[in-house]
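Participant: Sequence plus the predicted model coming up.
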Amino acid sequence: MSADGELAGEQLFLDRFPAEARLVRATLWSAFVALGIGALGGLIQALHRTGYVRIIESADYYTVLTLHGVLLVISFTIFFLVGVFTWAMTRSLDRPVVSERFSWTWYLLMVAGTVMAGVAILAGFVDSIPMSADVLFTFYAPLQAHPLFYAGLAVFIIGTWMAGFDWFRMWWRWRSETDDERIPLQAFMVLTSMLMWYIATLGVAIEVVVFLLPWSLGLIEQVNPLLTRTLFWFFGHPVVYFWLMPAYLLWYTVLPKLAGGRLFSDPLARVVFVLFLLLSTPVGIHHQYVDPGIAEGFKFIAMTNTMFLLLPSLLTAFTVVASIEHGARQRGGEGYLSWLGELPWRNPAFTGMALAGLMFAAGGFSGMVNAGMNINYLVHNTLWVPGHFHLTVGTAVALTFMAATYWLLPQLTRRRIYSRSIALLQVVLWFVGMTLMSNAMHRGGLIGIPRRTAEPQYSGFAFDAGFSTVGELRLQIALGGTLLFVSTVLFLGNVIVSLLERPMTGEFDDTLPPALSGPDDGPEVLDNLALWTAIALVLVALAYGLPLGAIVADGGLFGPGISPSPAWLPEVLP
Ligand code: HAS
Ligand code: CU
C-alpha cells in the first residue's frame with residue numbers, strides 16, 4: 001500500500017468491504033430519493049414563477065420551495081457526502097468501520113430526521129392538518145415551523161455528528177497501528193471537513209434546540225429574531241463548504257485519475273482543506289450585510305475573511321486544472337490549449353466533473369460579487385442569489401455527485417452503468433440547462449427581480465430596465481429548469497436500470513494513483529489536526545464573540561421577539 005492508501009490491482013471496493021459498500025449504497029439511495037422529489041419541486045417552481053404552468057396555488061409556493069430547498073441542499077447533499085466519506089475513509093485507511101451497528105445507527109437517525117422534517121413540510125399542502133413548515137431551508141425566526149420539523153433537523157444533525165465520530169474512530173485505530181505514517185489524503189480531507197462541520201453546527205444546534213424548538217412548542221413565548229438569524233448564518237455559510245469539500249475530495253483524488261494523470265500536489269490539497277477548516281465559519285455575517293443591529297465594523301471583518309476564503313478555491317482551480325493538464329499530456333496532449341482535446345470527454349464521470357468545475361468558476365465569481373459589502377446591496381434578496389447558488393451547490397456539487405456516481409456505482413454494486421451515452425447526454429443537459437437558468441437568474445437579479453416569491457412582478461414596476469426583456473429571461477428560466485429536470489430523470493433512470501443489469505465480469509480499475517508531489521513534500525504540521533482546530537476556534541470566537549454579545553445585549557436572549565401571529569401587529573404599529 002502506498003502512503004496514500006492506494007491498493008493497486010485488487011478487487012472491487014465491494015469485494016474488499018461488503019458491509020461498508022452496503023452502507024454507502026444505502027446513503028446514496030437515500031440521497032437519490034431526496035434528489036428525485038426535490039427536483040420535481042424545482043420544476044414546479046420554475047414553471048410557476050415564470051407563469052408558464054401553474055399546477056399549485058401561489059399560497060403553496062413556500063411549501064414547494066421549502067421542500068425543494070431542504071430535500072436538495074440538506075438531504076441529497078448530506079446523504080451523498082456521508083456515503084462518499086465512508087467510502088473514502090474505508091478505502092484510504094484500508095480498514096472497515098469499527099462497528100457496523102453504530103454506522104447503521106447514524107444512518108437510520110439521518111433517515112428518521114429527514115422523514116420527520118419531510119412530513120412536517122408536506123403537511124403544509126393539506127389544509128385539514130394543523131401542521132406546516134414553510135420556513136425555507138434558511139429556517140430562522142420570525143418564520144415558525146411545527147416542532148416536528150425542528151426535531152427532525154436536530155435528529156438529522158446528531159446523525160451526522162455520529163457519522164463523524166465513526167470516521168474519527170477509524171482513524172484513531174489506524175493511528176495506533178501506524179505511528180509515523182502521514183494521514184492518507186482522502187482521510188485527511190474527511191477529518192478536516194468533519195472538524196469544520198462540528199464547529200459550524202454549534203450555531204444551528206443552539207439555534208434549534210435552545211430557541212426555535214422550545215418556541216414552536218410554546219415553552220418560550222418569543223425569541224430574538226436577529227439572534228436566531230445570526231446563529232443560522234454561523235452555520236449557513238460553512239454548510240456550503242460541507243457540500244463543496246466532498247466535491248473537492250472527488251476533484252482532487254478521482255478526477256486526475258479519470259483524466260489519465262495524477263494529482264499535482266498532495267501538500268497543496270492539504271493546505272486547501274486546512275484553510276477551509278480555519279476560515280469557513282468566521283464569515284457567516286456576509287449573509288447579513290443588510291441586517292440592522294449588526295455594526296458595520298463586524299460586517300467589514302466578515303467581508304475581509306470572505307476574501308481570504310477565496311484562496312482555497314483559487315488554489316483548487318490551479319491544482320485541479322494542473323492535474324487534468326498532466327493527464328492530458330500523458331495521453332499525448334500538446335500545446336497551450338490543444339491538450340484539452342486529449343481529455344476523455346466521452347467518459348461521463350470525467351465530463352460531468354469537469355463541467356461542474358467550469359461552472360464553479362462562474363459561481364465563484366458571482367460569490368465574489370456577493371461578498372463585496374457595497375455590491376451586495378445591489379444583489380441581495382434578488383434572483384441573482386439563486387443564480388449564484390445553482391451554480392455552486394446546484395452544479396459544482398450536484399453535478400459532481402452525479403458524475404461521481406457513474407464511477408462509484410460499479411465499485412459498489414458490480415453493475416456497469418446501463419448507458420454511457422445517456423449518462424453523457426445527462427451531464428451535458430445539466431450544463432446547458434444550468435447555463436440558461438442561472439444566466440437568466442443573475443441578469444434578472446441585476447434588474448431587480450426579487451427572489452423567494454411566487455409572483456415576481458410588482459404592479460406598476462417594469463423590470464426591463466434596458467437589459468433585456470423580462471419575457472426572454474422567463475423563457476430561459478423555464479426552459480433551463482425543464483432541461484435540469486429532464487437531466488435528473490435521465491440520471492435516476494439510468495442508475496435504476498443499471499441495477500437491473502447482470503453483474504459485470506472483467507476488470508474495473510478502481511485504484512487511485514498517488515500524487516506527483518506526495519505528502520512527504522509538505523511539512524508534518526499540516527497533519528496536526530488539533531492545532532488547526534484550536535486556531536479555527538479562536539478565529540470563530542474573534543469573529544462572533546462581540547457581534548453575538550452585542551445582539552444579546554441589545555435585543556435580549558429571548559426577546560423582544562416577533563410573534564408570527566398577526567395578533568401583535570396593533571401593539572407594535574402606531
Ligand atoms: Fe455563496 C449566498 C459568497 C461559494 C452557496 N451561497 C449563497 C447561498 C448559497 C450559497 C446556497 O458573500 C444563498 C443562501 C441564501 O439562501 O440566502 N459564496 C460566496 C463566496 C464563495 C461562495 C465568496 N456559495 C459558495 C459555494 C456554495 C455557495 C461553494 C455551495 C456549495 N454566497 C456568498 C455570499 C452570499 C452567498 C456573500 C450572500 C448573498 C446574499 O446577499 O444573500 C466562494 O467560496 C467562491 C470561491 C470560488 C472560486 C472559484 C474557483 C474555481 C474553481 C474551478 C476549477 C475548475 C475546474 C474545471 C476543476 C474562486 C475551483 C477544470 C476543467 C477543465 C476542462 C480544465
Ligand atoms: Cu456564505
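Facilitator: Noted; the coordinates are in hand. Numbering: from 1, shown residues only. Ligands and ions are numbered 1, 2, ... in the order given.
Participant: In space, not sequence, find me the middle residue of this structure.
Facilitator: Nearest to the mean C-alpha position of the chain, by CA atoms, centre = their mean, lies residue 243 at 2.6 Å.
Participant: Check that residue and give its pLDDT.
Facilitator: Reported pLDDT at residue 243 in the predicted model: 98.
Participant: Which of the helices or strands spans it?
Facilitator: Per DSSP states H and E, residue 243 falls inside helix 238-253.
Participant: follow-up on the earlier one: so how far is ligand 1 from the residue nearest to the centre of the chain?
Facilitator: Computed as CB to the nearest ligand atom, to the nearest Å, the residue 243 to ligand 1 distance reads 4 Å. In short, each C-beta sits where N, CA and C put it, glycine included.
Participant: buried set for stretch 332-348?
Facilitator: Neighbour-count burial for stretch 332-348 flags 333, 339, 342, 343, 344, 347, 348 (criterion: 16 or more other CB atoms under 10 Å).
Participant: Let me see the contact set for the residue nearest to the first one when sequence neighbours are not counted.
Facilitator: The shortest distance from residue 333 to any residue other than its chain neighbours is 3.0 Å, reached at residue 339 (CB to CB, 6 or more residues apart in numbering). Going by CB atoms under 8 Å, 6 or more residues apart in numbering, residue 339 touches 325, 328, 329, 333.
Participant: what's the pLDDT at the residue of the stretch 101-250 of the chain found nearest ligand 1?
Facilitator: When CB to the nearest ligand atom is the measure, the stretch 101-250 of the chain has its nearest residue to ligand 1 at residue 240, with 3.5 Å between them. Turning to residue 240, the model gives it a pLDDT of 98.
Participant: ok, it touching residue 392?
Facilitator: Yes. Residue 240 is within contact range of residue 392, at 6.7 Å (criterion: CB atoms under 8 Å).
Participant: if we can go back for a sec, ok, so of the contacts of residue 339, who is nearest ligand 1?
Facilitator: Where the contacts of residue 339 are concerned, and distances follow CB to the nearest ligand atom, ligand 1 has its nearest neighbour in residue 325, at 7.2 Å.
Participant: Against residue 360, how distant is the closest one?
Facilitator: Shown here: residue 325 relative to residue 360, a distance of 17 Å by CB to CB, to the nearest Å.
Participant: So between the two, which is more surrounded?
Facilitator: A side-by-side neighbour count of residue 325 and residue 360, using other CB atoms under 10 Å, places residue 360 first with 25 against 20.
Participant: Is the more buried one in contact with residue 393, as I believe?
Facilitator: No. Counting by CB under 8 Å, residue 360 stays clear of residue 393, with 10.1 Å between them.
Participant: re earlier: per-residue pLDDT, the residue nearest to residue 333?
Facilitator: 96.
Participant: Now do the buried residues in the longest helix seen in the chain.
Facilitator: Ranked by number of residues, the top helix in the chain under DSSP state H is helix 296-330. Using 16+ other CB under 10 Å as the test for burial, helix 296-330 gives 298-299, 301-303, 305-306, 309, 312-313, 315-316, 319-320, 322-329.
Participant: quick one, that helix and helix 238-253 angle?
Facilitator: Orientation note: helix 296-330 sits at an angle of 20 degrees relative to helix 238-253 (axes from the mean of the first three to the mean of the last three CA atoms, to 10 degrees).
Participant: Tell me which other helices or strands the helix or strand following helix 296-330 touches.
Facilitator: Stepping forward along the backbone from helix 296-330, the first helix or strand reached (DSSP H and E) is helix 348-371. Helix 348-371 is packed against helix 238-253, helix 255-258, helix 296-330, helix 373-379, helix 384-391, helix 398-413, helix 420-446, with contacts defined by 3 or more CB pairs under 8 Å, 6 or more residues apart in numbering; DSSP states H and E.
Participant: how about the residues of this structure near ligand 1?
Facilitator: 138, 240, 243-244, 251, 286-287, 306, 309-310, 313-314, 316-317, 320-321, 324, 354, 357-358, 360-361, 364, 367-368, 370-371, 376, 380, 385, 388-389, 392-393, 397 (CB under 6 Å from any ligand atom).
Participant: How far away from the center of its chain is the longest helix of the chain?
Facilitator: Computed by CA atoms, centre = their mean, to the nearest Å, the chain-centroid distance of helix 296-330 equals 17 Å.
Participant: Stretch 238-256 too?
Facilitator: Stretch 238-256 has its C-alpha centroid displaced from the chain centroid by 9 Å (CA atoms, centre = their mean).
Participant: Buried residues, it. List them.
Facilitator: Taking 16+ other CB under 10 Å as the neighbour-count basis, stretch 238-256 is seen to contain the buried residues 238-256.
Participant: same thing with stretch 24-42?
Facilitator: Counting neighbours by 16+ other CB under 10 Å, the buried set in stretch 24-42 is 24-28, 30-35, 37-42.
Participant: Can you give me the neighbour number for residue 511?
Facilitator: Using other CB under 10 Å, residue 511 has 12 other residues around it.
Participant: Relative to residue 441, how far out is it?
Facilitator: As defined by CB to CB, residue 511 lies at a distance of 41 Å from residue 441.
Participant: which intervals of the stretch 101-250 of the chain have sub-threshold pLDDT?
Facilitator: Along the stretch 101-250 of the chain, no part satisfies pLDDT under 70.
Participant: in it, which spans are strands?
Facilitator: In the stretch 101-250 of the chain, no strands are defined using DSSP state E, counting those that start in this stretch.
Participant: First residue to last residue on stretch 174-188, what's the distance there?
Facilitator: Terminal residues of stretch 174-188 are spaced 13 Å apart (CA to CA, to the nearest Å).
Participant: Any buried residues in it, and which?
Facilitator: Within stretch 174-188, the residues scored as buried using 16+ other CB under 10 Å are 174, 182, 183, 184, 185, 186, 187, 188.
Participant: so the first one sits right up against residue 96, yeah?
Facilitator: No. Taking CB under 8 Å as the contact criterion, residue 174 and residue 96 are not neighbours in contact, 11.2 Å apart.
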